[in-house]
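K.L.:
Pasting the sequence and the predicted coordinates here, then a few questions.
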Amino acid sequence: MKFQLCTRDEYGTSNIVSTSEDVNKLILDGKKEVHGINMDNALSLDEQIRNYEAYFVEISSGNESYLYGGTDGHGKHVCYNSKMDMLPLEHMHNLNIRFYIGANKSKDIFAQNEKKKEITDISDASLRGKVVYFIKKI
């Protein structure tokens, strides 16, 4: 089974970054790219957190992790479970959704809204205009 690391920008344009059979490699590559975009600059950490340009979606529920798969052909957000079944996010409950934007001294940093509260909703207005990194099964 092959997977693709993809991006979607604020205009809805999708790009393939890389393809691999190793989904864990693609996850690490995606986080590395997001970190580089958001953290490899001269801004202070507070400014980097406020002015991030890209994010990688992390989804979990209890002990299960899911891969964010972008949107389907109807614009609905989807994810993949451990069996790589595509599932619509709108039908799933009790999900922990976070938006990785980088790391500082080995500590992961997640997107916050203007009130400095961690974003947990994929439809949050603070995510508009940003580039999202995600994994597609092909």
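P.N.:
That came through fine.

K.L.:
mind listing the helices for this structure?
P.N.:
With DSSP state H applied, the chain shows helices at 23-39, 45-50, listed in chain order.

K.L.:
Out of those, which is closest to K115?
P.N.:
Closest approach to K115 among the helices of the chain is made by helix 45-50 (11.6 Å; Cβ to Cβ). Placement of C-beta: from N, CA and C, glycine included.

K.L.:
Please list the outside residues in contact with the closest one.
P.N.:
N38, M39, N41, I101, G102, N104, I109, Q112 (Cβ atoms under 8 Å, 6 or more residues apart in numbering).

K.L.:
Just the pLDDT for the second one.
P.N.:
Looking at M39, its pLDDT stands at 95.

K.L.:
Would you mind confirming that it makes contact with A103?
P.N.:
Yes - applying Cβ atoms under 8 Å, one finds M39 in contact with A103, separated by 7.4 Å.

K.L.:
beta partners of the residue nearest to N94 when sequence neighbours are not counted?
P.N.:
Nearest in space to N94, with sequence neighbours left out and distances taken as Cβ to Cβ, 6 or more residues apart in numbering, is S61 at 5.4 Å. Beta-bridge pairing for S61 (DSSP bridges): E64.
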